[in-house]
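Enquirer: A structural model of the following input is requested.
(6 chains)
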Protein chains: 4
Amino acid sequence: MPPTVTKALKPRKTPSQSRSRVTVDAIYEATIQVLLSQGMVGLTTTGVAERAGVSVGSMYQYFPNKQALVYALNDRFLTRLAERVEETCARMLGRPIAEATDALIDTYWAVKTERPELTRALYRSVAELDNDALIYAFAARVDRATTDMFRHAPDIPDDEVEQTNLLLTTVIYGSVRNAFERGLGPQEIAVLKTGLKAMCQDHLRSIGS
Amino acid sequence: MPPTVTKALKPRKTPSQSRSRVTVDAIYEATIQVLLSQGMVGLTTTGVAERAGVSVGSMYQYFPNKQALVYALNDRFLTRLAERVEETCARMLGRPIAEATDALIDTYWAVKTERPELTRALYRSVAELDNDALIYAFAARVDRATTDMFRHAPDIPDDEVEQTNLLLTTVIYGSVRNAFERGLGPQEIAVLKTGLKAMCQDHLRSIGS
Amino acid sequence: MPPTVTKALKPRKTPSQSRSRVTVDAIYEATIQVLLSQGMVGLTTTGVAERAGVSVGSMYQYFPNKQALVYALNDRFLTRLAERVEETCARMLGRPIAEATDALIDTYWAVKTERPELTRALYRSVAELDNDALIYAFAARVDRATTDMFRHAPDIPDDEVEQTNLLLTTVIYGSVRNAFERGLGPQEIAVLKTGLKAMCQDHLRSIGS
Amino acid sequence: MPPTVTKALKPRKTPSQSRSRVTVDAIYEATIQVLLSQGMVGLTTTGVAERAGVSVGSMYQYFPNKQALVYALNDRFLTRLAERVEETCARMLGRPIAEATDALIDTYWAVKTERPELTRALYRSVAELDNDALIYAFAARVDRATTDMFRHAPDIPDDEVEQTNLLLTTVIYGSVRNAFERGLGPQEIAVLKTGLKAMCQDHLRSIGS
DNA sequence: CATGAATGAGAGTTCATTCAT
DNA sequence: GATGAATGAACTCTCATTCAT
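Expert: Numbers count the residues shown, from 1 in each chain, chains lettered A, B, ... in the order given. As a prediction, this is how the structure comes out:
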């Protein structure tokens, strides 16, 4: 059911010259700024270009259309996220499942905490259809990493890996997202993190016996 | 941080005459149809009016502007959701916390399952800023109901109610949402539900001792 | 080899209400004015709308895009032309070929003379690809009429009709067009008309014997 | 009524160095390619430069603006055409008018047949106003040649030369153009050529007596 | 001289909203 | 009240042209 990309959404060219690099980076940053301050609705091409101190024409030299801007942002963000998760999973290969899960939560939480507003802004931007494909792709990528991690854990039977992975990731990702969308204070956030970890541990202990 | 409403978003009047009622309902339904088939981007006033078999002018008789349409939809949906939760909470007043939690999950899950695509469409529509206020309001309302339920549970100390409520609701709402956004099959969905319930029970048992 | 139409080029709706009629007519006339004074290059949607005393939005209510404007103009013009030719052909059914040819030249010449600048402007506008289809269609229509006329002439063998028709129409249409494109004075034009008629007569006499 | 040139349309300099020569030729050829494949609408400066394997900047070294490109193309083509006609006329000096006319038709037809699509493309490009001047100039040049040829024919009275020239050239040029614009097959084209020649001969015989 | 990134005026098009009928 | 034609600000995107490197 993953939707198909109907438009060119990738940057026209990977910028290598220094001048281009600066321009592209300015555009990225401007897109984030505008997205945060005006939201998806207020994200206009001229607005972004202006904020980036660049002409519209220049922008279109690197991004074939408006969607490509947001797409690129999501791509960057998700790539970073996926890399982080993969890193963690690699580091936790062979460790007991409880430890692995804890590490996963830590990693996920950390990424979200780094630029929380950007995270929220991006979640919303996904409404523009074509990004769905991107999301699915990254979900699959991350899924592969965590599944692998769990499969190598010494304390979980092979035939439970899939199911456990599905449950844990769904609960973790969903809870983390929700935690950050509720506009809570840092204290409550901290409490939630501890609670989530506890819940997972309790459950793992319960099925482990 | 809750955003403030800057526009008139409510329907101009509560329609009481029968003819109006029909018109308004047609508009509601048309909005849903368009939202589902075209997404937020393709939701135009003329499009909705046409689908509803009503003139744009008439539509503006009942909804002062485009946002009001989506606002009303969210309002309806959230009201129904809140009522259902409140109902459950009332029914579970005084019951042990494990039972109460189970019932909460069942209720929440049931509401989502009823019109899953509409649910997703609405989630996305929230991107239009002003609906945030609505969401916050309903979150608070539902929170009051669940807190109340947990406070009357015989097996939980008063000073843990707030925390437990925050954790459980965050995890439940987040997980349920995530479960439905992943585009999973019914089997996996069912597995997830069972798993989520188990996790909550395990945790409650753990802190209960 | 006739090109295919790739866009909607026809007016959105045939205007029936009086207000619409006025609007559409104003747009037609404005398009002609702009086409004559600025040429195809200077024909902008806002320019036409302004000249017509109408908002761009209104224009787009009746014409789905810029091309449709020119398309409509060509359509109108060619329809009128075709009707005139068909009329003449009908009137000349059964007449000797010499007379028929003379009448055809007169008709064609008359149409061109009526609004010569418009004629030239339209010829040029055809450069916009999709109008080719229109041209082909009308060429075929007119061809049918003239072929029919010649077939009913008493003084031409059946197996020469096709060829004679092709030659005469090619020469007549081409010559008339060229005559008007050279920017000649009325005197020279008149001389040309006489000369063209004479040429055709001479040839017919020659092959008739 | 001949339009006036408002912009610099000629190449900046006559290229004499060998490197320049190659560049300019590449640009010429690229312009033709693009014109044929994309039409006048798709003829962009960057597109041509790319096809020519040259930077836009370089192109502007040789052609002051976009129009100059098309202008140069027309210039080249028309010059070749004029030269061919002048050649024929020179060769036919003093020959009887019938022969001369036949040769003229042959020449004109041959030029058109050589690169028919280019011919059509150029005809269309003329829509860009300023080329009109060019056309008029060449028309006059060719006219001079043919008039001269006819004036030296032994079998036509001096006071009929002008008129005959006007008629013959108008009919020939118009018919040839039309023949090639109708999208006919080679057979029909051949028939037309024979027919056109016959018509001219018949007429000349008729006025000659 | 060559390059091609940068420019930005201006084009086509959409759509929320109004108001004469 | 109902209608839907009219409005026009705002948006996305193109492309001829320039000029620092």
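Enquirer: name the helices or strands packed onto the helix or strand harbouring A:S206?
Expert: Per DSSP states H and E: A:S206 is located in helix A:186-208. Using 3 or more C-beta pairs under 8 Å, 6 or more residues apart in numbering or on different chains; DSSP states H and E, the elements in contact with helix A:186-208 are helix A:97-114, helix A:161-181, helix B:161-181, helix B:186-208. The C-beta positions use only the backbone N, C-alpha and C, and glycine is treated the same way.
Enquirer: number of residues surrounding the residue nearest to A:Q38 when sequence neighbours are not counted?
Expert: Excluding its sequence neighbours, the residue lying closest to A:Q38 (C-beta to C-beta, 6 or more residues apart in numbering or on different chains) is A:G47, at 7.2 Å. Counted with other C-beta atoms under 10 Å in any protein chain shown, the neighbours of A:G47 add up to 16.
Enquirer: which parts of the helix holding A:S206 are buried?
Expert: A:188-189, A:191-193, A:195-197, A:199-204, A:207 (16 or more other C-beta atoms under 10 Å in any protein chain shown).
Enquirer: in chain A, what helix or strand scores lowest on average pLDDT?
Expert: helix A:116-125 (a mean of 83; mean pLDDT, DSSP states H and E).
Enquirer: do it and chain B meet?
Expert: Yes. Using C-beta under 8 Å from any C-beta of the partner chain, helix A:116-125 reaches chain B at A:124-125.
Enquirer: near DNA strand F at all, the following helix or strand past that helix?
Expert: Of the helices and strands lying after helix A:116-125 in sequence (DSSP H and E), the nearest is helix A:131-151. No. Helix A:131-151 lies out of reach of DNA strand F by C-beta under 7 Å from any atom of the strand, never closer than 15.0 Å.
Enquirer: give me the residues contacting the helix or strand the residue nearest to A:Q38 falls within.
Expert: Here A:G47 sits within helix A:45-52, counting by DSSP H and E. Helix A:45-52 is contacted from outside by A:23, A:26-27, A:29-31, A:33-34, A:38, A:55-56, A:58-60, A:66, A:69, using C-beta atoms under 8 Å, 6 or more residues apart in numbering or on different chains.
Enquirer: number of nearby residues for A:C89?
Expert: 22.
Enquirer: shouldn't it be in contact with A:A153?
Expert: No. The pair A:C89 / A:A153 is not scored as a contact, 10.9 Å apart, by C-beta atoms under 8 Å.
Enquirer: which neighbours do the two share?
Expert: A:A100.
Enquirer: in stretch A:46-66, what's buried?
Expert: A:47-49, A:51-52, A:54, A:58-59, A:61-64, A:66.
Enquirer: buried stuff in stretch A:74-86?
Expert: Across stretch A:74-86, burial judged by 16+ other C-beta under 10 Å covers A:74-75, A:77-78, A:81-82, A:84-86.
Enquirer: one step back: list the buried ones in the least confident helix or strand of chain A?
Expert: By neighbour count with 16+ other C-beta under 10 Å, helix A:116-125 contains the buried residues A:119-125.
Enquirer: of all the buried residues of stretch A:46-66, which two lie farthest apart?
Expert: Using C-beta to C-beta, the buried residues of stretch A:46-66 span at most 19.5 Å, a distance reached by A:R51 and A:P64.
Enquirer: which residue ranges make up the domains of chain A?
Expert: Domain segmentation of chain A under automatic domain parsing yields A:18-64, A:68-208.
Enquirer: how far does the last one sit from the chain's center?
Expert: Using C-alpha atoms, centre = their mean, to the nearest Å, we find the averaged C-alpha position of domain A:68-208 to lie 9 Å away from the chain's own average C-alpha position.
Enquirer: got the angle for the strand or helix carrying A:R21 vs helix A:116-125?
Expert: In the assignment (DSSP H and E), A:R21 maps to helix A:18-38. Interaxial angle, helix A:18-38 versus helix A:116-125 (axes from the mean of the first three to the mean of the last three C-alpha atoms, to 10 degrees): 80 degrees.
Enquirer: quick check: angle from helix A:18-38 to helix A:45-52?
Expert: 110 degrees.
Enquirer: report all helices and strands that helix A:18-38 contacts.
Expert: With contacts defined as 3+ C-beta pairs under 8 Å, 6+ apart, helix A:18-38 has these neighbours: helix A:45-52, helix A:56-62, helix A:66-91, helix A:116-125.
Enquirer: at 6 Å what do you get?
Expert: helix A:45-52, helix A:56-62, helix A:116-125 (3 or more C-beta pairs under 6 Å, 6 or more residues apart in numbering or on different chains; DSSP states H and E).
Enquirer: now do the contacts for the residue most central in space within chain A.
Expert: With distances taken as C-alpha atoms, centre = their mean, the residue of chain A nearest its centroid is A:L78 (4.0 Å). Listed by C-beta atoms under 6 Å, 6 or more residues apart in numbering or on different chains, the contact set of A:L78 reads A:F138.
Enquirer: done for today, thanks.
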